[in-house]
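# Provided below for reference: sequence and predicted model.
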Amino acid sequence: MASLIQVKRGTAASWTSANTVLAAGEIGFETDTKKLKVGDGTTAWTSLGYTVTDGDISGVTASTGLTGGGTSGTVTLSIDSTVATLTGSQTLTNKDLTSGTNTFPTSLATLTGSQTLTNKTLTTPVITQGSSTPSFTTNAYTLVAGDAGQLLLASNGSTAGTVNIPTDATTNFAIGTQITILQTGSGQLTVAATTPATTTVYSTGATAASPKCRAQYSAITLWKSAANTWYAFGDIS
């Protein structure tokens, strides 16, 4: 003969009215709501929390971290404060950060190495070219990659000198590179291509392909517009 196991049962109203204290582990079932509670031997019925069944979260007590009513009710979750700290790579989609406090590490303000800034607003930027100004004293100097964006001091004394622009194959300056040469000596300075047949220099100088600084303390700025095309402008003779 099959065994029959029954638990205490009654309507929600009858349980509330009786406010029974169930023994530890004893089950009480509400026949109209289909909910049940498990006693602990000391807590009265109305103070006990329901046991969740079939995804029904109604009546779950605050001590479980969930509050709300019904399977379609609103659930309030208490999230640990440490969740507010985001580290590493994070993707936030459709998240409301209203009134939130977002603290980014100060290290983000320091950019090192090669950086690409797209659609960024730089307020009163200061561009520093280095702690010292490069200079040369030789009467025949060929530009090197490190000269890009620099102001070069040509201190060649009283002897005339030449600054040579290498071919693109030799030194691949980026398109748009600017280099300024300032003649600090009394010897007149000429700017010319190392290989004229390959590299073209345009200027308003008397000899357009090899312009000269007009006098001591004159300067010539070189601008690269294409692989082997440079424009020279400034205090040129």
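Arrived safely, thanks for sending.
# from the chain's centre, how far out does the longest strand along the chain sit?
Identified as the longest strand of the chain according to DSSP state E is strand 219-226. On the basis of CA atoms, centre = their mean, to the nearest Å, strand 219-226 sits 34 Å off its chain's mean C-alpha point.
# so where do the strands sit in this protein?
8-10, 27-30, 36-38, 135-136, 140-142, 151-154, 161-165, 178-183, 189-193, 200-202, 219-226, 229-234.
# Can you add mean neighbour count and distance to Gly113 and give those back as CSV?
Backbone N, C-alpha and C define where each C-beta goes, glycine included. Output for these, formatted as CSV (neighbours: other CB atoms under 10 Å; distance: least, CB to CB, whole Å):
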stretch, mean neighbour count, distance to Gly113
strand 8-10, 15, 72
strand 27-30, 18, 66
strand 36-38, 19, 62
strand 135-136, 16, 27
strand 140-142, 15, 28
strand 151-154, 20, 24
strand 161-165, 21, 28
strand 178-183, 21, 22
strand 189-193, 21, 32
strand 200-202, 17, 33
strand 219-226, 18, 23
strand 229-234, 18, 28
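# Out of the ones you listed, which is closest to Leu122?
Closest to Leu122 of those is strand 178-183 (CB to CB; 18.8 Å).
# and the closest one, what's its mean pLDDT?
Computed over strand 178-183, the mean pLDDT rounds to 94.
# distance between that strand and the chain's centre?
How far strand 178-183 lies from its chain's middle: 35 Å, per CA atoms, centre = their mean.
# okay, it in PDB with CA atoms only?
Coordinates of the C-alpha atoms in strand 178-183 are reproduced here as PDB (Å, rounded to 0.1, in the frame of the first residue of the first chain):
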ATOM      1  CA  GLN A 178      58.000  70.900 -41.100                       C
ATOM      2  CA  ILE A 179      61.600  71.700 -40.200                       C
ATOM      3  CA  THR A 180      63.000  75.200 -39.600                       C
ATOM      4  CA  ILE A 181      66.700  76.000 -40.100                       C
ATOM      5  CA  LEU A 182      68.000  79.200 -38.500                       C
ATOM      6  CA  GLN A 183      71.300  80.600 -39.700                       C
END
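# so what strands line up beside it?
strand 151-154 (parallel), strand 219-226 (antiparallel) (DSSP bridges).
# Mean pLDDT lowest where, among those strands?
strand 151-154 (a mean of 89).
# on that earlier part again, switch the strands paired with strand 178-183 over to TSV; also include distance to Thr16.
Shown next, in TSV, are the strands paired with strand 178-183 (distance: least, CB to CB, whole Å):
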stretch	distance to Thr16
strand 151-154	89
strand 219-226	88
